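Colleague: Predicted model follows, preceded by the sequence.
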Amino acid sequence: MQDPRCHWCHGDALYQQYHDQEWGRPLFDEQSLFEFLLLEGAQAGLSWITVLRKREHYRAAFDGFDPVKIARYSPAKIEKLLQNPGIIRNRLKVSSAVKNARAWLDLKESGQDPVAFFWDFVDGRPLQNNRKKMADIPASTPLSDRLSKALKQAGFNFVGSTICYAHMQATGMVNDHLVSCPAHGECLALAKAL
């Protein structure tokens, strides 16, 4: 029998677990939203499975994705991270994580709840798409364009529209599971329960 899951996760147990338990599920936890933002930035130009396989290394290297700690990283700490084979050792991406942690904290200090900042783009409720095939799923949308622009204005980087749309998919702001995938209905039910 053919696997009914979204095709992108076929053939890899870690990918399937991520697909089945995380991708597309509405996420309102501030720490987790920040983690996904940094991981999506690290993924730029690479496949998501590459980052997913390094996720635990990232959690250890980046202090559990604590923005307060990351925002204080010194140039020496950045150099140490660039020697860590468990993460993607790209200077721009590592420096971006520090910059984005500072922007995240600046957002909070300005009185803005980061969770609300993201979810306000979809009026607090996940958008339900009804994609029938992988080719129907866009790399970006006008909505992710707006999120990208807002994040850049708030001081973030590595937040292009494609990265923002991937973040929206991962954190359940949009449900892009194919309608034939069991997870589509699961995510729809989670959204209705909000």
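Modeller: Arrived safely, thanks for sending. Numbering: from 1, shown residues only.
Colleague: Could you double-check that residue 71 lies in contact with residue 101?
Modeller: Yes. With contact defined as C-beta atoms under 8 Å, residue 71 counts as touching residue 101 (4.1 Å). For every residue, glycine as well, the C-beta is placed using N, CA and C.
Colleague: which residues are common contacts for the two?
Modeller: Residues touching both residue 71 and residue 101 by C-beta atoms under 8 Å, 6 or more residues apart in numbering: none at all.
Colleague: And these two? Which one has more around it.
Modeller: Between residue 71 and residue 101, residue 101 has the larger neighbour count (other C-beta atoms under 10 Å), namely 25 against 17.
Colleague: got a list of what that one touches?
Modeller: 34, 38, 67, 68, 70, 71, 73.
Colleague: Quick check: the fifth one touching residue 95?
Modeller: If I follow you right, that is residue 70. No. The criterion here is C-beta under 8 Å, and residue 70 misses it with residue 95 at 11.0 Å.
Colleague: Just want to know which of these two has more residues nearby.
Modeller: For the pair residue 70 and residue 95, the greater number of neighbours falls to residue 70 (22 against 17), based on other C-beta under 10 Å.
Colleague: and the more buried one, how far is that from residue 78?
Modeller: 10 Å (C-beta to C-beta, to the nearest Å).
Colleague: what's the overlap in contacts for those two?
Modeller: Contacts common to residue 70 and residue 78, judged by C-beta under 8 Å, 6+ apart, are residue 98.
Colleague: From residue 91, how far off is the nearest residue to residue 35 once chain neighbours are set aside?
Modeller: The shortest distance from residue 35 to any non-neighbouring residue, by C-beta to C-beta, 6 or more residues apart in numbering, is to residue 65 (4.1 Å). According to C-beta to C-beta, residue 65 stands 19 Å off from residue 91.
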